[in-house]
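> Fold the stuff below for me.
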Amino acid sequence: MEHVSTSQTSPLPFLKGHGTENDFVIVPDPDNALELPASTVARLCDRRAGIGGDGLLRVVRSAAHPEAEHMAGEAEWFMDYRNADGSVAEMCGNGVRVFARYLQHAGHIDAGDVSVATRGGIKKAHLAKAVPGSGVAGDITVSMGRAVLPEDGVTVSVGGRSWPARNVNMGNPHAVAFVEELDHAGDLLTVPPFTPASVYPDGVNVEFVVDRGEHHVAMRVHERGSGETRSCGTGACAVAVAAARRDGLDPAVTGAPVTYTVDLPGGRLRITERPDGEIEMTGPAVIVAEGMIDPVLLETVTA
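Alright, predicted model coming up:
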């Protein structure tokens, strides 16, 4: 292996944040000056040899990024999200909350409303004010857009068991399977097999769900490109929509919003689907550390 130096010769600032323990390396790059190939992102997200994270959030001004410049009039900042393996992803719900928290932390915004450009479109977030004297930042609510429910689903199999899985698209693809016990999902280190494979040609996030009470579920998830994670925001939205339809609830039909509490290994999210189809996700987001990345970690590795 040969290491080829990039143009980055000085330490690079970074932050670390999480939303219900879905954790991210945050790299401010307002002018889109950095090149972060997949191998570099994977190295930064490595939990032993790097900083560690389920993904990386690069913070870029929309006007400076070719994929986001058409959104610059509505959203000043673009969330360039990468999975832990370095692959590009359309969206990350927990990532949007952490991204918004970073913007507040850096002084770019105050509590209130902000629009964030993503590859899955513009997402609107609301940062609640902290409760005075609590020392805890207020929750963040993100408008996640509308769910698309393709008719073609899949069958997911783990350890000799199989379940039908509902196809839900939240700007990224999900397969939601309702199971008897969360342990039935296995170790989730590898992608749970599903058929037919043609339904998700670019891979899929797979959620396993159990009931905890009325409008209350718990889930585990294998995130495409990251393995099992402690939380998945788009996955929680997909699960809430799938649970509502299973329960015979469709706000577009009833005219009343429906809210589900979704427990994840890393915490709890509240998901509301409104009669116009808009889905809102509410939960915490925390910046836990900031520091400098050694330029060696940013070197490009070639064979």
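> Find the residue closest to the most centrally placed residue in the chain in space, skipping its chain neighbours.
Centroid-nearest residue in the chain, with C-alpha atoms, centre = their mean: C92, separated by 2.3 Å. Of all residues not flanking C92 in the chain, Y81 sits nearest, at 4.9 Å (C-beta to C-beta, 6 or more residues apart in numbering). Where you see a C-beta, it was placed from the backbone N, CA and C, and this is true even at glycine.
> residues in contact with that neighbour?
G55, L56, L57, R58, V88, A89, M91, C92, G95, T118, R119 (C-beta atoms under 8 Å, 6 or more residues apart in numbering).
> Is A242 part of a helix or strand, or is it coil?
Secondary structure assignment for A242 (DSSP: H, G, I helix; E, B strand; the rest coil): helix.
> again, but for the one 10 residues further on
When classified by three-state DSSP, A252 comes out as helix.
> count of residues packed around it?
For A252, the neighbour count with other C-beta atoms under 10 Å is 11.
> ditto for R212
Quick note: R212 (other C-beta under 10 Å) scores 12 neighbours.
> Residue numbering should commence at 37 henceforth.
That works, and once the first residue is 37, the last one we named lands at R248.
> secondary structure element for it?
In the assignment (DSSP states H and E), R248 maps to strand 241-249.
> right, and the helix or strand after that strand?
With DSSP H and E, the next secondary element past strand 241-249 is strand 252-259.
> Strand 241-249 and that next one, what's the angle between them?
Inter-element angle recorded for strand 252-259 and strand 241-249: 160 degrees (by axes from the mean of the first three to the mean of the last three C-alpha atoms, to 10 degrees).
> Name the strands paired with strand 252-259 and say parallel or antiparallel.
strand 241-249 (antiparallel), strand 263-264 (antiparallel), strand 294-300 (parallel) (DSSP bridges).
> Can I get it in CSV? Just the C-alpha atoms.
C-alpha atoms of strand 252-259 as CSV (Å, rounded to 0.1, in the frame of the first residue of the first chain):
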residue,chain,number,x,y,z
HIS,A,252,-45.3,2.5,20.9
VAL,A,253,-42.7,0.3,19.2
ALA,A,254,-39.1,-0.7,19.6
MET,A,255,-36.7,-1.4,16.8
ARG,A,256,-33.2,-2.6,15.7
VAL,A,257,-31.7,-1.6,12.4
HIS,A,258,-29.0,-2.6,9.9
GLU,A,259,-28.0,0.6,8.2
